[in-house]
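1. I'll drop the sequence and a predicted model, then ask my questions.
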Amino acid sequence: MNRMKALLFALVRNFEFKLNVPLDDLDQKTTIVARPSVKSQPQMGSQLPMLIKRIK
């Protein structure tokens with residue numbers, strides 16, 4: 001388990017994560033678990049649009 005955490009840390013620290021929608025356009029849908037959704041696109045279902053960029 002610790003090796004998996006170390007690998008995940010090594011991968012994630014090389015990337016930058018940003019939301020691709022304004023924060024006030026996000027909503028939370030709760031069924032069994034809470035899931036993010038975009039208020040302006042309810043037909044798309046659960047989603048969390050993000051921009052992922054590698055840090056050089």
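-> Arrived safely. Residues are numbered from 1 along each chain as shown.

2. where's the residue nearest the centre of the chain, which helix or strand?
-> With distances taken as CA atoms, centre = their mean, residue 48 lies nearest the centre of the chain, 5.1 Å away. Here residue 48 is covered by no helix or strand, with elements defined by DSSP states H and E.

3. ok, residue 47 - how many residues close by?
-> 14 (other CB atoms under 10 Å). In short, each C-beta sits where N, CA and C put it, glycine included.

4. rewinding a little: could you check how far the closest residue to the residue nearest to the centre of the chain other than its chain neighbours is from residue 42?
-> Distances taken as CB to CB, 6 or more residues apart in numbering place residue 36 nearest to residue 48, at 4.2 Å, with adjacent residues excluded. Separation of residue 36 from residue 42 (CB to CB, to the nearest Å): 12 Å.

5. I'd guessed the residue nearest to the centre of the chain sits against residue 34; true?
-> No: contact between residue 48 and residue 34 fails when scored by CB atoms under 8 Å: they sit 11.5 Å apart.
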